[in-house]
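Participant: okay, sequence plus prediction incoming.
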Amino acid sequence: MTKKRAIVTGGAGFLGSHLCQRLLAEGFQVTAFDCLHTGRLENFNDYKNNPDFQFVKGDVTESVTLPKAHWIFNLACPASPPHYQENPVWTWKTSVLGAMHMAELAKAWGARILQASTSECYGDPLVHPQPETYWGHVNPVGIRSCYDEGKRAAETLLMDMHRGLGLDMRIVRIFNTYGPRMRADDGRVVSNFVVQALKGESLSLYGDGSQTRSFCYVSDLVEVIFRMMSQETGFVGPVNIGNPVEFTVLELAQLVLEMTGSSAKLSYHPLPGDDPKVRRPDITLARTQLGWEPKVPLKEGLKATIAYFKAGLQA
């Protein structure tokens with residue numbers, strides 16, 4: 001029997017590379033497509049010699065030529081503020097034009113596409129925790145809006161193509177995710193704290209550290225993404241995927257210091273514009289529609305993440 005092929009845009013990134021690995025384990029032929037703006041070829045080291053895997057370098061904002069596939073996972077776009085704010089026009093194009101190009105391919109091929117959206121669709125939320133029915137509190141002209149509004153526009157496009165053109169699609173809203181293969185300069189709070197602690201540098205807290213986040217380990221996230229794409233119930237989302245256990249940023253900093261044995265201090269800085277004060281997913285839909293909830297507690301996930309960064313710093 002001919003194996004099914006899956007395309008993962010953003011496949012060389014932190015999350016994309018783990019998804020590629022899961023798809024190979026499930027028996028797919030996998031094409032990772034990435035411009036390598038934030039993705040890294042070394043993320044493929046565990047399976048780069050697998051005959052069912054190939055890497056294609058390219059940019060989803062441009063004309064795309066790829067082998068015909070059954071499934072497309074559109075994960076392309078920097079997800080951390082320092083990286084997506086570096087070139088905000090390109091970020092917006094990646095979110096919107098990238099979604100359009102990949103959705104058009106999916107429609108032409110009769111393929112199924114999963115759009116990786118984000119908890120940033122909720123902005124700095126006035127409803128807590130955030131259910132999918134909440135329309136969000138997003139600044140459309142702020143420094144984060146290239147990403148926030150880009151992802152919201154991508155959701156609109158795919159939903160309109162689903163309703164109007166019969167596009168077979170799924171939408172997931174990803175909340176804070178962490179684990180091995182994050183970049184040391186990723187810019188998100190887990191990698192920042194772990195790298196700073198291991199180097200003995202002050203841990204950078206923005207604001208007073210009372211803002212909250214909910215941290216999902218990468219293996220849990222890959223599991224629910226695969227379930228969402230596999231299910232045939234007609235449920236297309238959007239669906240929140242993330243860990244509903246909430247921590248303050250200060251609690252995370254203290255836990256990282258404890259687990260690394262670091263004597264580093266805390267340093268406080270002004271809170272960036274439009275930075276969410278609270279963030280926790282309501283995962284009722286994921287539980288009822290997909291039978292999923294995260295299994296990896298923060299301490300267990302941090303242990304593996306710290307070991308990954310420690311090995312990288314010692315290399």
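Facilitator: That came in fine, so what should we check first? Residues are numbered from 1 along each chain as shown.
Participant: just checking, E293 touches I283?
Facilitator: Yes - taking CB atoms under 8 Å as the definition, E293 is a contact partner of I283 at 6.3 Å. C-beta here means a position set from N, CA and C on the backbone, and glycine is covered the same way.
Participant: assumed Y147 was part of a strand.
Facilitator: No - if the criterion is DSSP: H, G, I helix; E, B strand; the rest coil, then Y147 is helix and not within a strand.
Participant: how near is the nearest residue to it once chain neighbours are set aside to K151?
Facilitator: Spatial nearest neighbour of Y147, chain neighbours left out: Y84 (4.4 Å); criterion: CB to CB, 6 or more residues apart in numbering. Look at Y84 and K151: by CB to CB, to the nearest Å, they are 10 Å apart.
Participant: kindly report the same for S204.
Facilitator: To K151, S204 is 26 Å away according to CB to CB.
Participant: pick out whichever of the two has more residues nearby.
Facilitator: Counted by other CB atoms under 10 Å, S204 and K151 do not tie: K151 has more neighbours, with 28 against 14.
Participant: so that one is in contact with C121, correct?
Facilitator: Yes - using CB under 8 Å, K151 is in contact with C121, at 5.8 Å.
Participant: on that earlier part again, overlap in contacts of Y84 and K151?
Facilitator: Here Y84 and K151 have C77 as joint contacts, going by CB atoms under 8 Å, 6 or more residues apart in numbering.
Participant: what about the helices in the stretch 151-300 of the chain?
Facilitator: For the stretch 151-300 of the chain, applying DSSP state H, counting those that start in this stretch gives helices covering 189-199, 218-230, 249-260, 284-290, 298-314.
Participant: pick the most deeply packed of the ones you listed.
Facilitator: A comparison of those by mean neighbour count, using mean count of other CB atoms under 10 Å, puts helix 189-199 on top with a mean of 22.
Participant: mean confidence for that helix?
Facilitator: The average pLDDT for helix 189-199 rounds to 95.
Participant: packing partners of the helix or strand encompassing L19?
Facilitator: Here L19, judged by DSSP states H and E, is contained in helix 14-25. Contacts defined by 3 or more CB pairs under 8 Å, 6 or more residues apart in numbering; DSSP states H and E place helix 14-25 against strand 5-9, strand 29-34, helix 218-230.
Participant: isn't the residue nearest to Y147 right up against W92?
Facilitator: No - between Y84 and W92 there is no contact under CB under 8 Å: 9.1 Å.
Participant: need the residues touching each of these two.
Facilitator: With CB under 8 Å, 6+ apart as the test, Y84 and W92 both reach 146-147.
Participant: next one: P131 from Y84, what distance?
Facilitator: 25 Å.
Participant: still on that earlier bit, of E293 and I283, which one has the most company?
Facilitator: For the pair E293 and I283, the greater number of neighbours falls to I283 (25 against 12), based on other CB under 10 Å.
Participant: now the phi/psi pair for the more buried one, please.
Facilitator: phi -110, psi 30 (degrees, to the nearest 10).
Participant: go on, A103?
Facilitator: phi -70, psi -40.
Participant: number of nearby residues for the residue nearest to K68 when sequence neighbours are not counted?
Facilitator: Leaving aside its sequence neighbours, K68 sits nearest to W109 (CB to CB, 6+ apart; 5.3 Å). Around W109 there are 15 other residues, counting by other CB under 10 Å.
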